[in-house]
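# Quick one, what's the 3D model for this:
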Amino acid sequence: MRGLLSRRDALLQTVGLAAAGMLPAVPVPGSASPSLKPARSAGIDRALQASVGAREIPGVVAMAANERSVLYEGAFGFRNIATESRMSTDTIFRIASMVKLLTSVAALQLVEQGKLRLDEPAAVVDPMLASVPVLAGFDAKGSPQLHPAQKPITLRNLLSHTSGFSYLLWDPKVVRYLNVARGNPALPRMPLMFEPGARWAYGGSLDRVGRMVEIASGQPLDRYFRDHITGPLEMNDTAFSLDEKQLAREASLHVRDANRKLLPQPAKKPTGRKAFSGGAGIYSTAPDYMTLLQALLNGGSLRGTRILRPQSVALLSANQIGNLEAGILKTTNPALSNDVDFFPGTHLRWSLGHMINLDPVPDGRTAGSLTWAGLFNTYYWIDPTMRVAGVIMMQILPFADRQALKAYRQFEHGICHGLRQA
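A predicted model of the protein is given here:
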């Protein structure tokens, strides 16, 4: 396990970057970003280690960084509690919906090139989005009542989760509809739950964006990511499929039983993937994902590699849904997800890539910070005001697991408190 980088290590890192032409060789006095003091780093270490020691979580990797350097890095516990294989900072995790940010970046790259447009009908690119009906409700016999949408779905709708697509896991209307549709091939596979732009609902919108990226670029999504995002940023452990060496570093999924005990699950057998989702199904490590967050924190570039223009990064940071409320999810399947309300009492919105907290979080991030997560309890945030990004990864079901969220909050509070006192 490793905590705060020492002053010597940080100096050597800065000198090395300067030698490569990535940073000025001599920092300008007063321009350095604040760092954590060793005592604050040790406090985070103790909190995360205590969560592992109390068997609240099996293992965890956590990182925080500004746009230039790592401020904190720690790995605690086990990849698998049965085999007691130790967690390490290069452990590979299934990050599920955290792929959505990569898909948003890809879409905005193509917007920059004029190959996609935010506000034209998405069906111009993908005809499958041309005639998706809206579910108005159910009649007295329980039959779905569908009608044509009054407005076309746009890429902006899809990126901001105002398209009308909603997830089975957090929408009882979807559950009811699919129960009927499975026995009736005449019904569409998935209608919209509301008119485009009328509401916010977390759902499969980014799967459709992923397909639009493939059509507009002429590349499969995995190849597009590799050529335009993960490859240029040297995110070498971020992929839809793992090789044998990477599989040896993969963390096992742990599921809580009825007594809240953690049970490790058998590893998934690797399969040859030919289809890729813009909304789920990717692997990554904390250092890899932090590289992406640092690039966004730095206006779209890192170490001489630009993935987005600053104007596009601003779209990823700005509220795109007006006064619509976002971010609160009620589960339809407690085995997969708890109810989700990460910031009770806080006004939440959505950009083209993240959830936004309009209010400051007590003892944590400032107003206007950006965040999202993956089903297996992986989380990130970017605080543009404090100039810090954080990522914490575990492998637990259900989502929004109370003990995982406790570790997440302790980590965030430790980082934010340490920076405020630096």
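# alpha carbons only for contacts and neighbour counts from here, please
Noted.
# what packs against the helix or strand where residue 409 lies?
For residue 409, the element it lies in under DSSP states H and E is helix 402-420. In terms of contacts (3 or more CA pairs under 8 Å, 6 or more residues apart in numbering; DSSP states H and E), helix 402-420 is packed against helix 38-53.
# one more time with 10 Å
Helix 402-420 sits against helix 38-53, strand 59-65, strand 70-80, strand 378-383, strand 388-393, strand 396-397, with contacts defined as 3 or more CA pairs under 10 Å, 6 or more residues apart in numbering; DSSP states H and E.
# Which among the ones you listed is found nearest to residue 139?
Closest approach to residue 139 among those (CA to CA): strand 396-397, 36.0 Å.
# Just the residues contacting that closest one, thanks.
Strand 396-397 is contacted from outside by 57-59, 252-257, 262-265, 334-338, 375-378, 403-404, using CA atoms under 10 Å, 6 or more residues apart in numbering.
# redo that, cut-off 8 Å
Residues outside strand 396-397 that contact it (CA atoms under 8 Å, 6 or more residues apart in numbering): 57, 253, 254, 255, 256, 335, 336, 337, 375, 376, 377, 404.
# if we can go back for a sec, TSV please, covering the helices and strands packed on helix 402-420 and showing mean neighbour count and mean pLDDT.
Below are the helices and strands packed on helix 402-420 laid out as TSV (neighbours: other CA atoms under 10 Å; pLDDT from 0 to 100):
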stretch	mean neighbour count	mean pLDDT
helix 38-53	18	90
strand 59-65	27	98
strand 70-80	24	97
strand 378-383	25	98
strand 388-393	28	98
strand 396-397	25	98
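# Tabulate those (a markdown table), appending distance to residue 299.
Listed next are the helices and strands packed on helix 402-420 as a markdown table, based on distance: least, CA to CA, whole Å:
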| stretch | distance to residue 299 |
| --- | --- |
| helix 38-53 | 27 |
| strand 59-65 | 15 |
| strand 70-80 | 17 |
| strand 378-383 | 12 |
| strand 388-393 | 13 |
| strand 396-397 | 33 |
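# Which parts of the stretch 251-400 of the chain are helices?
For the stretch 251-400 of the chain, helices defined by DSSP state H, counting those that start in this stretch occupy the ranges 286-297, 310-317.
# which one of those is the most hemmed in?
Greatest average neighbour count among the helices of the stretch 251-400 of the chain goes to helix 286-297 (a mean of 24), per mean count of other CA atoms under 10 Å.
# so what does that helix touch, helix or strand wise?
Judged by 3+ CA pairs under 8 Å, 6+ apart, helix 286-297 is in contact with strand 59-65, strand 301-302, strand 388-393.
# For the helix or strand hosting residue 214, name the packing helices and strands.
Assigned by DSSP H and E, residue 214 belongs to helix 205-217. If you count contacts as 3+ CA pairs under 8 Å, 6+ apart, helix 205-217 packs onto helix 99-112, helix 155-159, helix 221-225.
# Determine which stretch of those is the most buried.
It is helix 155-159: most buried of the helices and strands packed on helix 205-217 by mean count of other CA under 10 Å, with a mean of 26.
# what is the rounded mean pLDDT of that helix?
Across helix 155-159, the average pLDDT comes to 98.
# which residues sit against that helix?
The contact list for helix 155-159, computed with CA under 8 Å, 6+ apart, reads 104, 117-122, 163, 196-197, 205-206, 208-209, 351-353.
# Now the buried members of these.
The neighbour-count test (16 or more other CA atoms under 10 Å) applied to the contacts of helix 155-159 identifies 104, 117-118, 121-122, 163, 196-197, 205-206, 208-209, 351-353 as buried.
# Pick the one among those closest to residue 49.
Comparing the buried ones among the contacts of helix 155-159 against residue 49 with CA to CA places residue 353 closest, at 31.7 Å.
# Pretty sure the closest one sits against residue 205.
No: in this structure, residue 353 is not within contact of residue 205 by CA atoms under 8 Å, at 11.6 Å.
# Where in the protein is the helix or strand with the lowest mean pLDDT?
helix 7-19 (a mean of 30; mean pLDDT, DSSP states H and E).
# residue ranges of the strands in the stretch 101-250 of the chain, please?
All strands of the stretch 101-250 of the chain, identified by DSSP state E, counting those that start in this stretch, fall at 134-138, 144-147.
# So for residue 239, which of the ones you listed sits nearest?
Residue 239 lies closest to strand 134-138 among the strands of the stretch 101-250 of the chain, at 34.4 Å (CA to CA).
# Dump the closest one to PDB, restricted to CA.
Taking Å, rounded to 0.1, in the frame of the first residue of the first chain, the C-alpha atoms of strand 134-138 are listed here in PDB:
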ATOM      1  CA  VAL A 134     -43.400   6.900 -26.300                       C
ATOM      2  CA  LEU A 135     -45.100   4.800 -23.600                       C
ATOM      3  CA  ALA A 136     -48.100   6.800 -22.400                       C
ATOM      4  CA  GLY A 137     -49.300   4.200 -19.900                       C
ATOM      5  CA  PHE A 138     -51.300   1.000 -19.800                       C
END
